[in-house]
Every structure is written in C-alpha cells, then in structure tokens.
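J.: Here is the input, now give the coordinates:
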Amino acid sequence: MANMFFTFKKIFTRYANGGNMLMLATVLALLVVNLPFSTDFYNSLWTHEMALQIGSFNLFSHHGEPMSVMAFINDALMAIFFFSVGLEIKREVLVGELHSVRKALLPIIGACGGMIVPVAIFYLLAKGTDYANGCAIPMATDIAFSLGVLAMLGNRVPIGLKVFLTTLAVVDDIGGILVIAIFYSSHIDYWMLIAAAGILGVLALGGAWLKIQSKLFYLLLGAVVWFLFLNAGIHPTIAGVLIAFTIPAKPVYAPKKYIQTIRTNIGYFAEDADDTLDSRTILTDDQLDHLKEIESASDKVISPLQDMEDSLHPVVNYLIVPLFAFANAGIYLGDMSIGMAFSGVSLATMCGLVAGKFIGIFLFAFLAIKCGLAPMPKGGNWKRMASISMLGGIGFTVSLFIANLSFGTGDPYMSIVLNESKLGILIGSLTAGILGWLMLYLTLPKDEQPQTEESC
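T.: Below is the predicted model:
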C-alpha cells in the first residue's frame with residue numbers, strides 16, 4: 001500500500017508539471033497564430049512533408065503519400081502518447097487502483113456517467129446538423145490539466161480525491177481509445193490488419209511465453225505494427241495502446257535475487273581497499289566485470305513496462321503533448337465573432353464539457369454511493385465530489401484529438417467547424433477549470449491535509 005501511495009505521488013507531480021507545459025504551449029499557440037507577422041508562418045509550418053526514408057520506402061507515409069508535419073504529430077507522436085497511456089492502463093489494472101474492484105468501482109461508474117451524459121447533451125444540441133458526428137468530443141478528461149488545477153491547491157486536497165480524479169481520467173482514456181478504434185476507422189485493408197495482428201501475436205508471445213525483456217524487440221516490431229495500422233485504415237494511435245499491452249510487467253530478477261547479486265559483487269570490493277578507489281582512474285578488468293554485473297542486475301530488476309513508462313513520461317509530458325497543443329490549439333480569432341463562441345458546435349462542446357461532465361460524474365457517483373456499491377473517497381463529501389466532478393470537464397488533449405478526427409477532413413467548410421469546436425474546447429475546459437478550482441477553494445479545509453496511504 002505504501003509503494004502504491006508513493007507511486008501515485010510521483011504520477012501526480014509529473015502530471016501537474018505537465019499541465020503547466022500544456023497551458024504554456026496553448027497560450028503560445030494562440031498568440032503566434034493571432035499576431036499579424038507570425039500567422040502565415042504558423043499555418044505553413046504544419047504543411048511541410050516528413051520523411052524517414054530508405055530507398056523508395058518512407059516510414060512516414062500514408063497510402064504512398066508523405067505525411068505532413070501536422071499528420072506526423074497527430075498520427076505518429078500521439079501514437080507514442082497513447083502507448084504511454086496503454087502502459088499506464090496495464091499497470092493500473094495489474095497493481096494500481098483498477099486492480100481492486102472495490103477501489104475502482106466508484107471512479108469507473110463516475111467515468112461512465114462522465115462519458116454518457118456529455119455525449120448525449122452534444123448529440124441533442126447537434127442532432128440534424130453537419131457537426132453531429134463530433135458528439136464524442138466532450139467525453140474525455142485531461143489528466144494533466146485537471147491534476148494541475150489540484151496541484152494549485154497543494155495538500156489541502158485530500159489524497160482520496162486525487163486518487164479518484166486520476167483513476168477517473170484513466171478510465172476516460174480507455175473510453176476515448178474505444179471510441180477512436182470503433183468510430184474513426186475506414187476503408188480497412190484487411191491483409192495489412194491481419195499482418196499487424198500476427199506481429200502483435202509475436203509481441204505477446206515474446207513477453208508472456210519467451211520472456212523477452214529487450215525493449216528494442218518491442219519498439220522495432222511496434223514500429224512495424226504502427227505502420228501497418230496507419231495504412232490499414234485503423235487509426236495508428238490504437239496500435240500504440242495494443243503494443244503497450246504486450247510489454248512484460250514482470251522483471252527478470254525478483255528483488256531478492258537482485259539484492260543477492262549486489263551483495264556478491266559488492267563483496268569483491270573489500271572495505272580496507274577503499275583508499276585505493278578514492279582517485280578517478282581506469283578500472284581493472286575484474287572491477288569492471290563486477291560493476292557491469294551490478295549494472296545489469298539493476299536493469300533486470302525493473303520490468304520493461306515500468307522502465308518504459310518511467311522513461312516516456314518526461315518525453316510525453318514535456319515534449320509530445322505540448323507540441324500537440326501548440327500545433328492544434330492555434331485558433332485564429334480574427335474571423336470570429338463573440339456569438340460564434342456561444343452557438344453551433346462551440347456551444348454543444350461547451351455544454352458537453354461544463355454541464356455534461358459535471359452532471360454525469362456527480363450523478364453516477366452519487367447513485368453508486370447511495371446504493372452502497374462504493375464508499376465515498378476518504379476526505380470527500382458531497383460538496384467536494386461536486387467540485388471534482390466539475391474539474392472532470394477539463395477535456396483538452398483527447399478532446400482536441402477527437403475534434404481533429406471528426407472535422408479535420410481538409411474541406412474548407414469543415415475547417416471552420418473544426419476551428420469553432422476547438423474554441424468550444426478551450427472555453428469549456430477553461431470554464432470547468434476555473435469553476436472547479438473555485439468550488440474546491442471554498443469547500444476544502446483551510447489547513448493542509450496529511451498525504452499518507454491511510455488517507456486514500
């Protein structure tokens with residue numbers, strides 16, 4: 001339990017810091033696209049072609065055509081983002097909050113409400129229009145932004161509420177992944193899909209049966225699966241999630257064997273010889289062998305899943321997601337009126353995020369607790385649960401992603417719809433964030449709360 005608590009603290013800090021980078025990238029994109037001297041530069045930046053080519057084969061190609069920088073960010077870099085999400089989901093299922101049905105039930109039920117109600121509100125407002133197919137846009141909760149808001153309140157927020165919101169956001173991600181897989185696939189090439197399934201089978205066997213621990217094995221074959229998905233008509237981000245599920249979660253060495261290996265090799269360096277090791281010098285062959293054995297054992301006691309997740313978090317939080325935000329949050333406001341922000345797809349998106357997420361999460365959680373299906377999170381009450389439910393309306397990254405899938409067809413009219421939906425995402429997420437912070441500020445205790453595993 002203690003290890004789980006400290007793991008959660010580490011994740012919370014990462015995502016909170018990542019939220020700051022995401023906010024900075026969003027503000028920068030809005031500034032650059034709306035300044036007269038940089039608008040054309042910003043818009044042209046994403047149209048350049050990308051290539052990783054050997055002979056006539058280009059890895060970054062879609063049906064024989066080179067990917068643009070925008071397509072590379074949305075289809076390749078975001079596949080790494082979803083790969084990281086897949087690793088997190090697998091860990092949560094194996095040893096995290098989703099491992100225990102009792103602990104996971106409340107955030108799962110809340111997340112279901114937070115997906116169903118926003119989609120229903122969007123659909124009711126958009127029924128019969130040309131933007132009705134974007135009804136999945138407000139269903140996601142942005143974990144980085146939402147935890148960033150909680151971080152602003154410090155240790156006043158009970159750890160039980162932090163765990164609830166984090167787990168809810170992970171379940172939301174699962175829902176978003178399923179929506180992308182089911183509704184945003186077209187013109188499927190079944191032979192490529194069969195080939196991709198075969199390689200995924202090799203990856204699964206490699207991890208589960210052959211006990212292959214080499215990260216290079218999974219990354220190289222994973223790149224092939226990504227390329228096949230890209231050209232098979234299945235959105236390539238789904239490949240990232242499926243590859244993540246094949247990564248082994250068990251290390252080669254159990255901690256006991258690791259400690260024994262360390263003791264054996266450290267024993268070579270006698271205590272009375274410490275003075276000879278004080279200076280920086282070339283090691284002897286024996287010294288090098290023993291230190292290499294310790295280094296190898298250190299690698300083998302950490303599972304590939306945990307090692308990859310830990311290594312990818314900085315890349316995803318501080319590079320990929322901010323770059324995605326910078327590329328996709330650039331909304332040119334010069335052609336927009338105030339009325340456009342409160343009509344059409346913008347209004348449907350805002351209502352889905354602010355009202356839909358709040359009603360869905362709170363109502364479903366309320367029913368689950370009242371019916372005795374799950375307990376109230378420790379440190380929580382109905383006012384604080386309402387505040388956390390409002391924070392669930394921050395649906396930035398995945399909402400932008402789904403908006404691009406829904407309206408990013410290249411058609412000039414749909415580009416306008418896409419721009420308006422992005423505006424709705426920005427205003428809706430900002431509104432939910434401000435209201436959620438204000439509600440928490442008013443309802444939380446004024447003094448800091450103990451952040452221990454007993455508080456979960």
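
J.: From one end of stretch 44-63 to the other, what's the distance?
T.: End-to-end span of stretch 44-63 (Cα to Cα, to the nearest Å): 23 Å.

J.: Neighbours of residue 155, how many?
T.: Residue 155 has 12 neighbours, counted by other Cβ atoms under 10 Å. The C-beta positions use only the backbone N, C-alpha and C, and glycine is treated the same way.

J.: Kindly format the C-alpha coordinates of stretch 413-424 as CSV.
T.: The C-alpha trace of stretch 413-424 is given here as CSV (Å, rounded to 0.1, in the frame of the first residue of the first chain):
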residue,chain,number,x,y,z
TYR,A,413,-16.1,24.4,-44.5
MET,A,414,-15.2,21.6,-42.1
SER,A,415,-12.0,23.5,-41.3
ILE,A,416,-14.3,26.3,-40.0
VAL,A,417,-16.3,23.8,-38.0
LEU,A,418,-13.0,22.4,-36.6
ASN,A,419,-11.9,25.8,-35.6
GLU,A,420,-15.2,26.5,-33.8
SER,A,421,-15.1,23.2,-32.0
LYS,A,422,-11.6,24.0,-30.8
LEU,A,423,-12.8,27.3,-29.5
GLY,A,424,-15.6,25.4,-27.6
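
J.: Please report phi then psi for residue 62.
T.: Main-chain torsions, residue 62, degrees, to the nearest 10: phi -120, psi 110.

J.: thought it was touching residue 71?
T.: Yes: the pair residue 62 / residue 71 is scored as a contact, 6.8 Å apart, by Cβ atoms under 8 Å.

J.: So if I had to pick from the two, which one is more boxed in?
T.: More crowded of residue 62 and residue 71, by other Cβ under 10 Å: residue 71, with 19 against 15.

J.: SS state for the more buried one?
T.: For residue 71, the assignment made with DSSP: H, G, I helix; E, B strand; the rest coil gives helix.

J.: so who does it touch?
T.: Counting by Cβ atoms under 8 Å, 6 or more residues apart in numbering, residue 71 touches 50, 62.

J.: Same question for the one 4 residues further on.
T.: With contacts defined as Cβ under 8 Å, 6+ apart, the neighbours of residue 75 are 62, 67, 230, 235-237.

J.: Of all the residues in the helix or strand that contains residue 205, which ones are buried?
T.: For residue 205, the host element (DSSP states H and E) is helix 190-208. Residues of helix 190-208 classed as buried: 192-193, 196, 199-200, 202-203, 206-207 (neighbour count, 16 or more other Cβ atoms under 10 Å).

J.: again, but for stretch 311-320
T.: 312-313, 316-318, 320.

J.: what does stretch 166-186 give?
T.: For stretch 166-186, burial by neighbour count (16+ other Cβ under 10 Å) applies to 166-177, 179-180, 184.

J.: and it, how far from the chain's centre?
T.: 11 Å (Cα atoms, centre = their mean, to the nearest Å).

J.: again with stretch 333-352
T.: On Cα atoms, centre = their mean, the centre of stretch 333-352 falls 27 Å from that of its chain.

J.: which residues of the stretch 251-400 of the chain fall in helices?
T.: 255-266, 285-300, 304-315, 321-328, 344-350, 357-370, 382-391, 397-407 (DSSP state H, counting those that start in this stretch).

J.: Give the buried residues for the first one.
T.: Okay, so that is helix 255-266. By 16+ other Cβ under 10 Å, the buried positions in helix 255-266 come out as 258, 261, 265.

J.: I figured the first one hits residue 302, correct?
T.: No: Residue 258 is beyond contact range of residue 302, at 9.4 Å (criterion: Cβ under 8 Å).

J.: where does the stretch 351-456 of the chain dip in pLDDT?
T.: Judged by pLDDT under 70, the stretch 351-456 of the chain has its weakly predicted residues at 448-456.

J.: And for stretch 339-351, what's in contact with it?
T.: By Cβ under 8 Å, 6+ apart, the surrounding residues in contact with stretch 339-351 are 121-122, 125-126, 129, 131, 134, 137-138, 399, 403, 417, 420-421, 423-425, 427-428, 431.

J.: swap the cut-off to 6 Å and go again
T.: Around stretch 339-351, the neighbours that count as contacts under Cβ atoms under 6 Å, 6 or more residues apart in numbering are 121-122, 125-126, 131, 137-138, 417, 420-421, 423-425, 427-428.

J.: quick check, distance from stretch 344-353 to the centre of its chain.
T.: Offset of stretch 344-353 from its chain centre (Cα atoms, centre = their mean): 23 Å.

J.: what two of the buried residues of helix 190-208 are the furthest from one another?
T.: 192 and 207 (22.9 Å; Cβ to Cβ).

J.: Tell me who's in contact with the nearest residue to residue 130 once chain neighbours are set aside.
T.: Leaving aside its chain neighbours, residue 130 sits nearest to residue 417 (7.0 Å; criterion: Cβ to Cβ, 6 or more residues apart in numbering). For residue 417, the contact set (Cβ under 6 Å, 6+ apart) comprises 131, 345, 407.

J.: can you give me the strands in the stretch 101-250 of the chain?
T.: Listed in chain order, the stretch 101-250 of the chain contains no strands at all (DSSP state E, counting those that start in this stretch).

J.: Run through who's touching the longest strand along the chain.
T.: Ordering each strand of the chain by length in residues (DSSP state E) puts strand 65-68 first. For strand 65-68, the surrounding residues in contact (Cβ under 6 Å, 6+ apart) are 47, 49-51, 58, 60.

J.: quick one: average pLDDT of it?
T.: The average pLDDT within strand 65-68 is 89.

J.: what comes up buried for that strand?
T.: Using 16+ other Cβ under 10 Å as the test for burial, strand 65-68 gives 66-68.

J.: wait, which of those is closest to residue 91?
T.: The closest of those, once distances to residue 91 are taken by Cβ to Cβ, is residue 67, at 30.6 Å.

J.: give me the beta-bridge partners of that closest one?
T.: Legend: beta-bridge partners of residue 67 under DSSP bridges are residue 50.

J.: Give me the below-cutoff pLDDT ranges for the chain.
T.: Along the chain, segments meeting pLDDT under 70 span 1-18, 270-281, 448-456.

J.: wait, residue 126 sits on residue 136?
T.: No: with contact defined as Cβ atoms under 6 Å, residue 126 does not count as touching residue 136 (11.4 Å).

J.: Which one's more surrounded, these two?
T.: Counted by other Cβ under 10 Å, residue 126 and residue 136 do not tie: residue 136 has more neighbours, with 27 against 21.

J.: The more buried one and residue 179 touch, don't they?
T.: Yes: counting by Cβ under 6 Å, residue 136 touches residue 179, with 4.8 Å between them.

J.: Name the nearest residue to the residue positioned nearest the centre of the chain, ignoring sequence neighbours.
T.: Centroid-nearest residue in the chain: residue 85, 4.7 Å away (criterion: Cα atoms, centre = their mean). Leaving aside its chain neighbours, residue 85 sits nearest to residue 173 (5.1 Å; criterion: Cβ to Cβ, 6+ apart).

J.: Give me the distance between the two termini of stretch 299-319.
T.: Stretch 299-319 has an end-to-end distance of 25 Å (Cα to Cα).

J.: hmm, who's touching it?
T.: Stretch 299-319 is contacted from outside by 14, 18, 21, 81, 84, 87, 213, 215, 247-253, 258, using Cβ under 6 Å, 6+ apart.
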